[in-house]
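1. Test case, fold it:
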Amino acid sequence: MKIKHMNVIKPSRRLKLIGLSLTIILLFVVVSGFFYECISYKNIKSKYPPDGQMIDMGKREIHVNITGSKTSLPPVVIEAGTGNWSYDWSSVQKELSKHTQVITYDRAGYGWSDPPPGGFSVDTTIDDLNKVIEAAEIDTPVILVGHSVGGIYSRLFADKYPERVSGLVLIDSRNEYFAAKAEKFNDKFFETQDQTMNRILSQIGIVRLLGKNMFSNSTPNYISVEKYVNVHWDTPFFKVLDEEIEEIKESEKLLKGTQSLRDKPLTIITPSDVELQATDLGFSEEEANSLKKKWKNSQKQLTNLSTNSNFILVPNSSHSVMYDQPKVIMEAILKMADEINEL
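-> Numbers count the residues shown, from 1 in each chain. Just a heads-up that it's a prediction; the model follows:
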């Protein structure tokens, strides 16, 4: 009796076939995701038209949203924090626009704005803000509102173009005082802010597909998660964000060279319960409480920049005061505007 031998695939060869199959599948997913992202990115402005207008910056465009009419009150210009864009301030802008002209914009690489050709730089950011104000045809000094790292840019802008600024409102602003007293915390914090993975995932369309799952239930109702993910969270944004975060320490050092605001109106707004999440970075409760005090003290120190300053502690708010307590911001801005108008 003859025994027929069956062709048997050896285990090692079987593993190689499985590995090859998985590699092909993964490659297919990556390539498909890449083309999906490219096509989606090109069609963003048609699917989600800019809220405002695109202004020419020479080989690139910046998105600027100008609302309200010119009144006797000074115009208001809002400089958003790291990772935030004009859309985050749309509710505040809508209400303030009932009283005066309000301008928000997307920094280069953010939202609808094209990325900076040479990468992020503080100088380019300040120059862009100046061009935004010129494009809005504002011929009177503005109240400049800066949130978080936007507070750094606002102060640097006010120092370079003092004639363009009638008053400053700084909201939980990063500053040189805290940077000097909390170097260890800042080092650990910035280590957690690397955007490499987000940039890779955005390149293959994963962020666009699954990004909405990254939002919490506390996101305001006026924010469309789909619009946020599709317009804002793209590859150029994560690249610029990474570059911007790497420059924050140097940007804070530049603040030491700024001049006094003298009697120019200045309002400092910060949450009464500071949100630093220091324990998540490995600090003890005692260290975390000490850091909170340092942050709050640094905010109080900012009032020394002007002889005409006001300090506001905001209850029941996270770092995103424009989300949690927008009325506090609007009341502070309008109070300043009225005082300036009476001068």
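
2. show me where the stretch 151-300 of the chain has helices.
-> Remark: helices assigned in the stretch 151-300 of the chain by DSSP state H, counting those that start in this stretch are 176-181, 183-191, 196-203, 206-210, 225-227, 235-254, 285-301.

3. C-alpha coordinates for the helix or strand where Asn310 lies, PDB please?
-> Following DSSP states H and E, one finds Asn310 within strand 309-314. Extracted C-alpha coordinates of strand 309-314, given in PDB (Å, rounded to 0.1, in the frame of the first residue of the first chain):
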ATOM      1  CA  SER A 309      -4.100  97.000  36.900                       C
ATOM      2  CA  ASN A 310      -6.900  94.700  38.100                       C
ATOM      3  CA  PHE A 311      -6.700  91.100  39.400                       C
ATOM      4  CA  ILE A 312      -9.700  88.800  39.000                       C
ATOM      5  CA  LEU A 313      -9.900  85.300  40.500                       C
ATOM      6  CA  VAL A 314     -12.400  83.100  38.700                       C
END
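
4. Export the helices of the stretch 151-300 of the chain as JSON lines, with columns for mean neighbour count and mean pLDDT.
-> Every C-beta, even on glycine, is put in place using the N, C-alpha and C of the backbone. Formatted as JSON lines, the helices of the stretch 151-300 of the chain follow (neighbours: other CB atoms under 10 Å; pLDDT from 0 to 100):
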{"stretch": "helix 176-181", "mean neighbour count": "19", "mean pLDDT": "97"}
{"stretch": "helix 183-191", "mean neighbour count": "14", "mean pLDDT": "95"}
{"stretch": "helix 196-203", "mean neighbour count": "17", "mean pLDDT": "86"}
{"stretch": "helix 206-210", "mean neighbour count": "18", "mean pLDDT": "80"}
{"stretch": "helix 225-227", "mean neighbour count": "14", "mean pLDDT": "93"}
{"stretch": "helix 235-254", "mean neighbour count": "18", "mean pLDDT": "95"}
{"stretch": "helix 285-301", "mean neighbour count": "16", "mean pLDDT": "97"}
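
5. Pro74: which of these is closest?
-> Among the helices of the stretch 151-300 of the chain, the nearest to Pro74 by CB to CB is helix 285-301 (23.9 Å).

6. helices or strands next to that closest one in the packing?
-> Under the contact criterion of 3 or more CB pairs under 8 Å, 6 or more residues apart in numbering; DSSP states H and E, helix 285-301 touches helix 176-181, strand 266-271.

7. which residues touch the first one?
-> Okay, so that is helix 176-181. For helix 176-181, the external contacting residues (CB atoms under 8 Å, 6 or more residues apart in numbering) are Asn186, Lys249, Glu252, Lys253, Leu255, Lys256, Lys294, Trp295, Asn297, Ser298, Gln301, Leu302.

8. closest to Gly150 out of the helices and strands packed on helix 285-301?
-> Distance to Gly150, taken as CB to CB, is lowest for strand 266-271 among those, at 12.4 Å.

9. Can you pull out the low-pLDDT segments for the stretch 1-150 of the chain?
-> 1-43 (pLDDT under 70).

10. Okay, strands next: where are they in it?
-> 53-56, 61-67, 76-79, 102-105, 142-147 (DSSP state E, counting those that start in this stretch).

11. what about Leu302, distance to Ile138?
-> According to CB to CB, to the nearest Å, Leu302 stands 25 Å off from Ile138.

12. Out of those two, name the residue with the larger neighbour count.
-> Neighbours per residue (other CB atoms under 10 Å) separate Leu302 from Ile138, with Leu302 holding more: 24 against 18.

13. Enumerate every residue touching that one.
-> By CB under 8 Å, 6+ apart, the neighbours of Leu302 are Leu170, Ser173, Asn175, Tyr177, Leu266, Ile268, Ser309.

14. same check, this time on Val77
-> By CB under 8 Å, 6+ apart, the contact set of Val77 is Val102, Ile103, Thr104, Leu129, Val132, Ile133, Val142, Ile143, Leu144, Val145.

15. Which of those has the largest number of neighbours?
-> Within the contacts of Val77, most neighbours by other CB under 10 Å means Val145, with 30 neighbours.

16. Show the contacting residues for it.
-> Counted by CB under 8 Å, 6+ apart, Val145 has contacts Val76, Val77, Ile78, Glu79, Ser154, Leu168, Val169, Ile171, Ile329, Ile333.

17. Would you format the contacts of Val77 as a markdown table with distance to Asp159 included?
-> A markdown table is the format used below for those (distance: CB to CB, whole Å):
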| residue | distance to Asp159 |
| --- | --- |
| Val102 | 23 |
| Ile103 | 20 |
| Thr104 | 22 |
| Leu129 | 12 |
| Val132 | 17 |
| Ile133 | 15 |
| Val142 | 15 |
| Ile143 | 16 |
| Leu144 | 11 |
| Val145 | 16 |
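
18. sorry, back to before: let me have the helices and strands packed on helix 285-301 in a markdown table, extended by distance to Ser320.
-> Formatted as a markdown table, the helices and strands packed on helix 285-301 follow (distance: least, CB to CB, whole Å):
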| stretch | distance to Ser320 |
| --- | --- |
| helix 176-181 | 18 |
| strand 266-271 | 9 |
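
19. among the ones you listed, which is nearest Gly282?
-> Closest among the helices and strands packed on helix 285-301, using CB to CB: helix 176-181, at 18.3 Å.
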